[in-house]
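Enquirer: Let me see the structure of the following:
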Amino acid sequence: MADRVFALVLILLAAAFWHESGDLPGPRGGAVLGPAFLPRVILGIIVGLAVVVLIQSFIKAEDAVRFTGIAGFLRLHWRVPALLGALAAYVALMGSIGFVFASIAFLLGAFALLIRDYTRGVVISSAVIAVGLPFGLDWLFETALRTFLP
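Expert: This next block holds a predicted model:
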């Protein structure tokens, strides 16, 4: 039952974000794709995966995740609200410090929360991803899509 509720909530949230992405400006400066393109691609992927979870919840109903209460869930999965808080801080900081630095801070924090095995290779690769990915995405948006990120 929890799988079905999760999938339906995710589909509704994606629909709301899809609607909100319609307020973004259209393509500028000779760009073919506007700033709403990538968010809509990601939302389409999220909806597709949520539909898969929804269908599987009916097919494999006996293996579905059972919700036993919020307190037990939070004791076991404390990283979920922590990541949601980090995401909220990321969105709040993006306007003031910019996409690149907010993304670096978010990724470093998320990796610190999610990584359980702090070997040297994992820490180095996480740092490279956390720094390289935001700069790479910023370059991609500015050069290929001709859209400037905050």
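
Enquirer: Which helix or strand lies directly C-terminal to the helix or strand harbouring A15?
Expert: Using DSSP states H and E, A15 sits in helix 2-21. With elements assigned by DSSP H and E, the helix or strand that comes after helix 2-21 is helix 37-59.

Enquirer: What angle do helix 2-21 and that next one make with each other?
Expert: Relative orientation of helix 37-59 versus helix 2-21 (axes from the mean of the first three to the mean of the last three Cα atoms, to 10 degrees): 160 degrees.

Enquirer: Beyond helix 37-59, next helix or strand please.
Expert: helix 70-76.

Enquirer: for that next one, the distance to its chain's centre please.
Expert: Relative to its chain's centre, helix 70-76 lies at 22 Å (Cα atoms, centre = their mean, to the nearest Å).

Enquirer: ok, back up a step: how about the helix holding A15: buried residues?
Expert: 3-4, 6-7, 10-11, 14, 18, 21 (16 or more other Cβ atoms under 10 Å). (C-beta placed from N, C-alpha, C; glycine too.)

Enquirer: Would you convert those into TSV that also reports distance to F58 and pLDDT?
Expert: Formatted as TSV, those follow (distance: Cβ to Cβ, whole Å; pLDDT from 0 to 100):
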residue	distance to F58	pLDDT
D3	9	78
R4	8	82
F6	14	84
A7	10	87
L10	16	90
I11	15	92
A14	20	90
W18	24	87
S21	30	81
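
Enquirer: All good on my end, thank you.
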